[in-house]
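Colleague: coordinates only, sequence not included:
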């Protein structure tokens, strides 16, 4: 999987292939269906499969106050799309010049001029160009006149509801990471840097890695079971998101207890997958009661990760 931020650096073998344009935030099952059809289109035209996305999301420039927190960062998106078989991703730098392009200009300069696409694969709600003036009908008209093959992929439904980044975001924000996982191609993941905390967990026998600088949506306050990734290795983990009311602290923290792990990882990156919600954050009478609950949380975490 190759990644490009400058279309001028695009490898020649990636031109004249099949292209899908969109944000692909979260890389959910609907995106996976588009990629499936993208790969088939690439085979038909005898080229490679490229995803063209925007970095950052255009809404962050146009309406920053309304911009939703992202579900994935760029490198993670590359990883997930690569697992689905995509050959390359263009993370195009979003700027005023790009946003000012009309639908016609975007099609002629980017799709035809730079990418030299022979086939396009999109969802039914695709819009492009200044003020989202270009609709899927516009794209069909432009593609037909330019001799490009265009395939519109119907949305994916699960449990009678459309699979979308917005729905994933709602589930994650509500703490229902199990339901979100069913919509995603992989468990929901965050990343951060390990920083020093109050070391209360270590004193109770449950040392935690305190995460800072998290740049994606946080699940709701609660205790979760999942996996933690450090140094290329995966470890079962119990994750606490929220305050520590037992000790009178109200600030939001992300604390990750890596099971059976005894290394020091301060100032190192840590990535965390969420498998299931274990319980709400509670206030305990004292350290002994909290310690007993943490033992139960670890036992629950071991059972959940063993089943996944």
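Modeller: Nice, thanks for sending it over. The shown structure was predicted, so the numbers you read here are calculated from the model rather than taken from an experiment.

Colleague: Walk me through the domains of the chain.
Modeller: Under the assignment named as automatic domain parsing, the residue ranges that make up the domains of the chain are 2-158, 187-306.

Colleague: among the ones you listed, which gets the worst mean confidence?
Modeller: Here the lowest mean pLDDT among the domains of the chain goes to domain 187-306, at a mean of 90.

Colleague: Report the secondary structure state of the spatially most central residue of the chain.
Modeller: Nearest to the geometric centre of the chain sits residue 72, at 2.5 Å (Cα atoms, centre = their mean). Assigned state for residue 72: coil (three-state reduction, DSSP: H, G, I helix; E, B strand; the rest coil).

Colleague: go on, residue 8?
Modeller: Look at residue 8: counting by three-state DSSP, its state is helix.

Colleague: Now do the helices in this protein.
Modeller: Read by DSSP state H, the chain holds these helices, from start to end of the chain: 29-45, 59-62, 74-83, 96-100, 103-105, 136-146, 165-173, 177-183, 200-203, 287-306.

Colleague: Nearest to residue 51, out of the ones you listed?
Modeller: Taking Cβ to Cβ as the criterion, helix 74-83 is the member of the helices of the chain that comes nearest to residue 51, at 5.6 Å. Where you see a C-beta, it was placed from the backbone N, CA and C, and this is true even at glycine.

Colleague: between the closest one and helix 29-45, how big is the angle?
Modeller: For the pair helix 74-83 and helix 29-45, the angle between their directions (axes from the mean of the first three to the mean of the last three Cα atoms, to 10 degrees) equals 60 degrees.

Colleague: List the buried residues in helix 74-83.
Modeller: By neighbour count with 16 or more other Cβ atoms under 10 Å, helix 74-83 contains the buried residues 76-78, 80-82.

Colleague: Likewise for stretch 90-105?
Modeller: Neighbour-count burial for stretch 90-105, counted by 16+ other Cβ under 10 Å, picks out 90-92, 94, 98, 101, 103.

Colleague: In contact with the residue lying closest to residue 143 once chain neighbours are set aside, which residues are there?
Modeller: The shortest distance from residue 143 to any non-neighbouring residue, by Cβ to Cβ, 6 or more residues apart in numbering, is to residue 150 (4.1 Å). Residues touching residue 150, when contacts are defined by Cβ atoms under 8 Å, 6 or more residues apart in numbering, comprise 119-122, 139-140, 143-144.

Colleague: next one: residue 28
Modeller: By Cβ under 8 Å, 6+ apart, the contact set of residue 28 is 163-165, 168, 183-185.

Colleague: just the buried members of those residues?
Modeller: 163-165, 168, 183-185.

Colleague: Could you dump the domains of the chain into a markdown table with distance to residue 172 added?
Modeller: Compiled in a markdown table, the domains of the chain are given as follows (distance: least, Cβ to Cβ, whole Å):
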| stretch | distance to residue 172 |
| --- | --- |
| domain 2-158 | 7 |
| domain 187-306 | 5 |
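
Colleague: To residue 177, which of those domains lies closest?
Modeller: If you check each of the domains of the chain against residue 177 by Cβ to Cβ, domain 187-306 wins as the nearest, at 3.9 Å.

Colleague: Relative to the whole chain's centre, how far out is the closest one?
Modeller: Domain 187-306 has its average C-alpha position 20 Å from the chain's average C-alpha position, going by Cα atoms, centre = their mean, to the nearest Å.

Colleague: Just the terminal-to-terminal distance for it.
Modeller: One end of domain 187-306 sits 15 Å from the other (Cα to Cα, to the nearest Å).

Colleague: those strands in the stretch 151-300 of the chain, which residues are they?
Modeller: Counting by DSSP state E, counting those that start in this stretch, the stretch 151-300 of the chain has these strands, from start to end: 157-158, 161-162, 188-195, 209-212, 222-230, 233-244, 249-258, 269-279.

Colleague: List the contacts of the second one.
Modeller: When you say that, I think you mean strand 161-162. Applying Cβ under 8 Å, 6+ apart, the contact partners of strand 161-162 are 30, 155-156, 167.

Colleague: partners of that strand in the sheet?
Modeller: Applying DSSP bridges to the sheet, strand 161-162 is found paired with strand 157-158 (antiparallel).

Colleague: How about the third one?
Modeller: Taking DSSP bridges as the criterion, strand 188-195 forms sheet pairs with strand 209-212 (antiparallel), strand 269-279 (antiparallel).

Colleague: Turn those into CSV, including distance to residue 256 and mean neighbour count.
Modeller: As requested, the strands paired with strand 188-195 are exported to CSV (distance: least, Cβ to Cβ, whole Å; neighbours: other Cβ atoms under 10 Å):
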stretch, distance to residue 256, mean neighbour count
strand 209-212, 5, 21
strand 269-279, 6, 20
